[in-house]
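**Student:** With the sequence up front, the predicted model follows.
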Amino acid sequence: MDPNLAALDQVKSMAIDLGMRFGPKLLVAIIIMVAGFYVARWIAGVTGRAMRPFEFEPPVRQLMLNIVRALVLLVFAIMALQNLGVELLPLIAGLGVAGAGIALAMQGVLANLVAGLTIILTRPFRVGEYISIVKEEGQVAEISLASTTLTHPDRSRVVIPNRKVVGAILHNYGQIRQAQVEVRVAYDTDLNQVLAAIREVLKANSRVLKDPAPVTQVALLADSSVNVGVYPWASISDYGAVGGEISKSIVETFRARGIVIPPPRRDVRLLGGAAPGELRAA
């Protein structure tokens, strides 16, 4: 008999034998995993509906649903492996060793994940709020396990690794910000008239919030002018435009009412002994 044919018959016989021994178990294992997939999806749906009254943040809700799915699939995977006759203790030991190596190789990624869990659970800021952190600022667009994404008024996006966020000094503006505008008036100006004119300007601007009320006060007694501070509140979306609109309206209102905005002044005098043409600023 041809040796090649004999070897082929032997391989075919072994394949048939393995199929007879493990085929039904493999089929049952596949059925178990498919059933586990649908059961995990169903349980995650039930869990999601049960969490609605608690109003969890979207990242927290998604994290909990992912954990539920993973736990259910893990239970079904263990059942499938047991059906195949796999020894679980050596497998778990091997996975532990592999996990330790992976953890060492992915320290930065794991640090981001842990920091992401900290942000999601402690909630120092939420999606939609305006924050300033690690020399960056913007409106929070997304909070994931790995990073936090901010959007700027110029439509750019900043992605910050979560390990850079946790432990850093955070300034959370919330949903509104306070604009800062200063205007200079002469010392002989009626300040009550100035403050009344500014309040009218603020009242007429639709971007300025009524609550909290804008702050208008004398901010500084400068050398050649009285500086009046104007500090209105505006929503995050209007913050970029409100300062310029108020400044323009104040200038126009002051011109119409004869309120003088003095230019910067510097007194210059000649000191004794100065060479001709030399001027020294006092």
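**Tutor:** Arrived safely.
**Student:** For Leu270, give me phi and psi.
**Tutor:** phi -80, psi 130 (degrees, to the nearest 10).
**Student:** Oh, that last question was meant for Val215, not what I typed.
**Tutor:** According to degrees, to the nearest 10, Val215 has phi -100, psi 130.
**Student:** same check, this time on Pro212
**Tutor:** The phi/psi pair for Pro212 (degrees, to the nearest 10) is phi -70, psi 150.
**Student:** Give the bridge partners for the residue nearest to it when sequence neighbours are not counted, please.
**Tutor:** Using CB to CB, 6 or more residues apart in numbering and skipping the chain neighbours, the partner closest in space to Pro212 is Trp233 (5.2 Å). All C-beta spots, glycine's among them, are computed from the backbone N, C-alpha and C. Under the criterion DSSP bridges, Trp233 forms beta bridges with Gln178.
**Student:** Who are the contact partners of Trp233?
**Tutor:** 176-179, 208-209, 212, 214 (CB atoms under 8 Å, 6 or more residues apart in numbering).
**Student:** Any chance of a PyMOL selection covering the buried ones in the residues you listed?
**Tutor:** To isolate the buried ones among those in PyMOL, judged by 16 or more other CB atoms under 10 Å, type:
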select buried, resi 176+177+179+208+209+214
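**Student:** if we can go back for a sec, from Tyr187, how far out is the residue nearest to Pro212?
**Tutor:** 30 Å (CB to CB, to the nearest Å).
**Student:** Could you measure from Gln178 over to Ala213?
**Tutor:** 11 Å.
**Student:** ah, wrong one, I meant Ser247
**Tutor:** 20 Å.
**Student:** Which of the two has more residues huddled nearby?
**Tutor:** Ser247 (16 against 12; other CB atoms under 10 Å).
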